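> Here is a sequence together with a model predicted from it:
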Amino acid sequence: MNVRKLAAKDLTNSDMILVPGGSFRMGSDRHYPEEAPVHRVTVDGFRIDRTPVTNRQFKDFVRDTGHVTFAEIPPDPKDYPGALPHMLYAGSLVFTPPPHPVDLGNWSQWWQFLKGADWRHPYGPKSNINTLGDHPVVHIAYSDALAYARWAGKDLPTEAEWEYAARGGLEDAEYAWGDELTPGGLHLANTWQGSFPHENLFADSYARTSPVTAFPSNGYGIHDMIGNVWEWASDWYSNRHETDAPKACCIPENPRGGREDGSYDPREPNVRIPRRVVKGGSHLCAPNYCRRYRPAARHAHPVDTSTSHIGFRCVIREKKL
């Protein structure tokens, strides 16, 4: 391994937070059905990135490895049977707010697949990250996040590790900081204020992503576990959590979630693209849509899809899983 790569790894490993191992009540019975049931699990201690991976850090990785992200590669027609040839181009999904209220059941009203959108061009080919070095990198597919993690000598967190770290030591709190979304009117995460997707009041000062330390850290000293960007977890998605173990002696240790063959979207039986768990919500989560700005919240995301609101962070475990 060359000296340059070692230096890059030393830099990325130096800004991690130690999360002590322990047991906690994972999930929620009060919100979306996929978060249930609440169940107790145990995780070993690990270190986690203090912030999501930033554009500056990802740029170092690409410079060192030559990595080309999924969004920069034109799709292979064999993987998308029936697609028209002129629609198979490199690009990614970019949030494009409509000027008026729309049907919240139709996400195509605010997402646009833009040719040339990628991590260097987060809002389309005419945009850039020149002033966004300390913002989270976006337009990251699962394979891109995993490639970065391996380069850095790290891994992607399991869902249990991610949620345990996000709670910051608050076992049953709704949010990473307590039970109020905005205690005393203070915004503690980059989320959406107003009526999504057409009205953004910017009460937290940010229309899109924010610098990764713009909001206070949680009880463990970790920033941006809630809001700003969704973050990849390594678990395959499943529709519900497993129930509590019947005996205290059998609490699951370091659970790894569902199976790949159970992660496919049942609403699209002809599309066999597996889905992983993403956690934390993003700057697009609003009280009237996607109230997933909570540690227990979870969502399914296809491994081949990148967007302008999904990033990641990494872990180093004390024990190998």
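Okay, I see it.
> show me what contacts L188?
By Cβ atoms under 8 Å, 6 or more residues apart in numbering, the residues touching L188 are Y175, A176, W177, T182, F215, P216, I226. For every residue, glycine as well, the C-beta is placed using N, CA and C.
> give me that answer again for 10 Å
Contact analysis of L188 by Cβ atoms under 10 Å, 6 or more residues apart in numbering lists 175-178, 180-182, 204, 215-218, 226-227, 293.
> Need the buried ones from those selected in PyMOL.
Buried residues among the contacts of L188 (16 or more other Cβ atoms under 10 Å), as a PyMOL selection:
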select buried, resi 175+176+177+181+204+215+217+218+226+227+293
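> From the contacts of L188, pick the one nearest G45.
Using Cβ to Cβ, N218 is the member of the contacts of L188 that lies nearest G45, at 16.8 Å.
> Let me see the contact set for the closest one.
17, 165-170, 175-177, 188-189, 224-226, 295.
> one step back: nearest to Y32, of the contacts of L188?
Of these, the one sitting nearest to Y32 (Cβ to Cβ) turns out to be Y293, at 12.2 Å.
> For the nearest residue to that closest one once chain neighbours are set aside, give me phi and psi.
Closest residue to Y293 apart from its sequence neighbours, by Cβ to Cβ, 6 or more residues apart in numbering: G281 at 3.9 Å. Dihedral angles phi and psi of G281 (degrees, to the nearest 10) take the values phi 70, psi -180.
> need the contact list for the residue nearest to D118 when sequence neighbours are not counted.
Nearest non-adjacent residue to D118, counting by Cβ to Cβ, 6+ apart: A71, 4.2 Å away. By Cβ under 10 Å, 6+ apart, the contact list for A71 reads 90-93, 114, 116-121, 138-141, 144, 305-307.
> ok, of the residues you listed, which come out buried?
By 16+ other Cβ under 10 Å, the contacts of A71 give 90-93, 114, 116-121, 138-141, 144, 305-307 as buried.
> Could you tell me which of these are located in strands?
Secondary structure assignment by DSSP state E places G91, S92, L93, L114 of the buried ones among the contacts of A71 in strands.
> W107: which of those is nearest?
Comparing those against W107 with Cβ to Cβ picks out L93 as the nearest, at 9.3 Å.
> got the CA coordinates for the helix or strand where A233 lies in CSV?
Counting by DSSP states H and E, the element that carries A233 is strand 230-236. What follows is strand 230-236, C-alpha atoms only, in CSV (Å, rounded to 0.1, in the frame of the first residue of the first chain):
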residue,chain,number,x,y,z
TRP,A,230,-30.2,9.4,4.6
GLU,A,231,-27.4,7.0,5.4
TRP,A,232,-26.8,3.5,4.1
ALA,A,233,-26.8,0.6,6.5
SER,A,234,-25.4,-2.8,5.5
ASP,A,235,-28.6,-4.8,6.3
TRP,A,236,-30.9,-6.1,3.7
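> what inclination does whichever helix or strand comes after that strand have with respect to strand 230-236?
Using DSSP H and E, the helix or strand that follows strand 230-236 in sequence is strand 275-279. Counting by axes from the mean of the first three to the mean of the last three Cα atoms, to 10 degrees, strand 275-279 lies at 140 degrees to strand 230-236.
> Show me what strand 275-279 is packed up against.
Under the contact definition 3 or more Cβ pairs under 10 Å, 6 or more residues apart in numbering; DSSP states H and E, strand 275-279 sits against helix 142-151, helix 159-167, strand 230-236, strand 298-302.
> possible to save these as JSON lines with mean pLDDT and distance to S28?
Listed next are the helices and strands packed on strand 275-279 as JSON lines, based on pLDDT from 0 to 100; distance: least, Cβ to Cβ, whole Å:
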{"stretch": "helix 142-151", "mean pLDDT": "98", "distance to S28": "24"}
{"stretch": "helix 159-167", "mean pLDDT": "98", "distance to S28": "10"}
{"stretch": "strand 230-236", "mean pLDDT": "98", "distance to S28": "16"}
{"stretch": "strand 298-302", "mean pLDDT": "97", "distance to S28": "10"}
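> Cheers, nothing more for now.
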